[in-house]
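**Q** Got a predicted structure here, sequence first:
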Amino acid sequence: MSIRVGLIGVEDNLSWIKSIVDEYPEFQCLPLLHYYDEDVIELLKVHSHEVDLWLFSGIYPYTVAKEWGQIDKPMFYVPYTGTSLYRRLYQILYRHQFEVDELSFDALAEAGLRQIFDELAVPFHQNRLSKEYHSLEEVVDHHYHLWSSGQTKAAVTCAWQVQTELERLGVPVFRVTHTKSAVQSVLNMALRTYEMLHFKNRQIAVQMFEFDYLSHLTKSTYASDEIYNIEINITQRLLNYAKMVQGSLKSVGPGRFVIFTTRGALSEITREFTVIPEAAETGLITQGLVTCGIGIGQSAYDAEIRAGNAMLHALEHGKGNWMAAFEDKTFHGPLGKPESISYSYNSKEIKQVSEVTSLSPVTISKIYAIIKKMDKDEITAQELADQLRILPRSARRILTQLEKKGFAKEVGEETPHLRGRPRKIYRIDFKISKVWQKNDI
């Protein structure tokens, strides 16, 4: 196994980090030099097809890549550990005679820095640590402001570019460098992560399709030959689609087909199970005439069972929807729809709430996912009905049941129209312990 590592680093540590990467026979390193923030994005664009994962020499280029948001491969950066800082602090305190509270810092974990200050019995000044990683200019300004205003006498930085600029501005500056153990630690983590993802992508995936033939027929063409022609057409399109996902096609009855493939192939074409494929070869598949359930499993049997369950969940949202079911009993979908959510009924808390309310675990898990997606704990019956694709009276019945058992509380009303009926607003709280405590009193 040869894992292609794209190493993005600066002039003074790129070769050294590469020499450590080269000690691992599993890795094949592509060193890429950067000077400025914009260099990082350009390197990512140009070389993305040449690597399997990215390794950054520090948190600054890593943050640039993360905020760019266009990376679809694992990313890691080499952290600056306490050992690195202790070594540099020893030189600063004993060779250069600075006090610890006369220094400013960047790119270090606050918890680790606090611990060092506590061990040295020195007060920790929170404003001395830069937490802004959006640009190197902000970090330079942080150090320079503290020094020029007399609050500090020197800067401790983890970035070569910051060191260079501060030296130009006349600020006394000391550089914290990586330790070999820190590089080895992140490489070991990258290796484990890649192996896990590689194994995950090779899981068996099953797509179960159900076609609505009647949507293609008119009164004048409702004949067995016409239905047969439609089925032949659909089969051919599915064969093309199966080739795209490197899978095999199997017919399991009138209007029902199954494709066996791998998780990695489906993940790529559905953008991590978030959209329905838009490829032209799929034809009818993307026109809302087919319902699809995707199942992931360690065996073909497990994956097919989950695909069937996903199909049932998709049909709850109406024909033409796609849902995915995973090995942790999590469902996601409908793919590509605004109401798409991820929910699981496997947690202990959801089962407990289900037992108390007599509502199904699936319903409870969906409500939990909706609240999380909406990023608020207040909801109306109409909002719940829209998300669950049920009638408003059914949603009101669910909220009333939750209210009876202490998981929902009416907190207000809203009037959507001038003559409309006011809608009750409920606050949802699924903390089971609070309900038990209330019932025990």
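**A** Arrived safely. This structure is a prediction, so every number in the text was calculated from the model and none was measured.

**Q** How about residues contacting whatever helix or strand Leu113 lives in?
**A** Here Leu113, judged by DSSP states H and E, is contained in helix 110-119. By CB atoms under 8 Å, 6 or more residues apart in numbering, the residues outside helix 110-119 that reach it are 81-82, 85-86, 89, 100, 105, 123-124, 126, 129, 131. Yep, even glycine has a C-beta here, placed from its N, CA and C like the rest.

**Q** Quick one: residues in contact with stretch 290-310.
**A** Under the criterion CB under 8 Å, 6+ apart, residues 203-212, 258, 260, 263, 266, 270, 273, 276, 284-285, 311-315, 319-327, 331, 333 lie in contact with stretch 290-310.

**Q** which residues touch the residue nearest to Ala159 when sequence neighbours are not counted?
**A** Among residues not flanking Ala159 along the chain, Tyr60 sits closest, at 5.5 Å (CB to CB, 6 or more residues apart in numbering). The contact partners of Tyr60, by CB under 8 Å, 6+ apart, come to 37, 107, 133, 136, 139, 159, 161.

**Q** let's go with 10 Å and repeat that
**A** 10, 34, 37, 40, 77, 106-107, 133-136, 139, 158-162 (CB atoms under 10 Å, 6 or more residues apart in numbering).

**Q** out of those residues, which are buried?
**A** Among the contacts of Tyr60, those buried by neighbour count (16 or more other CB atoms under 10 Å) are 10, 34, 37, 40, 77, 106-107, 133, 136, 139, 158-162.

**Q** Single out whichever of those residues has the smallest pLDDT.
**A** pLDDT across those is lowest for Tyr133, at 62.

**Q** that older thread, and the helix holding Leu113, average pLDDT?
**A** pLDDT averaged over helix 110-119 gives 78.

**Q** same check, this time on stretch 247-265
**A** The pLDDT scores in stretch 247-265 average 89.

**Q** Same question for stretch 209-229.
**A** Averaging pLDDT residue by residue across stretch 209-229 gives 66.

**Q** again with stretch 348-368
**A** Mean predicted lDDT for stretch 348-368 stands at 85.

**Q** Can you give the contact residues for it?
**A** With contact meaning CB under 10 Å, 6+ apart, stretch 348-368 is reached by 313, 316, 329-331, 341-347, 379, 384, 387-388, 390, 395, 397-399, 401-408, 428, 430-433, 435-436, 439.

**Q** so how far is that stretch from its chain's centroid?
**A** Distance, stretch centre to chain centre, for stretch 348-368: 25 Å (CA atoms, centre = their mean, to the nearest Å).

**Q** start to end distance for that stretch?
**A** Start-to-end span of stretch 348-368 (CA to CA, to the nearest Å) is 13 Å.

**Q** Show me what counts as buried in that stretch.
**A** Those buried within stretch 348-368 under the rule 16+ other CB under 10 Å are 350, 352-354, 356-357, 359, 361-368.

**Q** one step back: out of the contacts of stretch 348-368, which are buried?
**A** By neighbour count, with 16+ other CB under 10 Å, the contacts of stretch 348-368 hold 313, 330-331, 341, 343-345, 379, 384, 387-388, 390, 395, 398-399, 401-403, 405-408, 428, 430, 432, 435 as buried.
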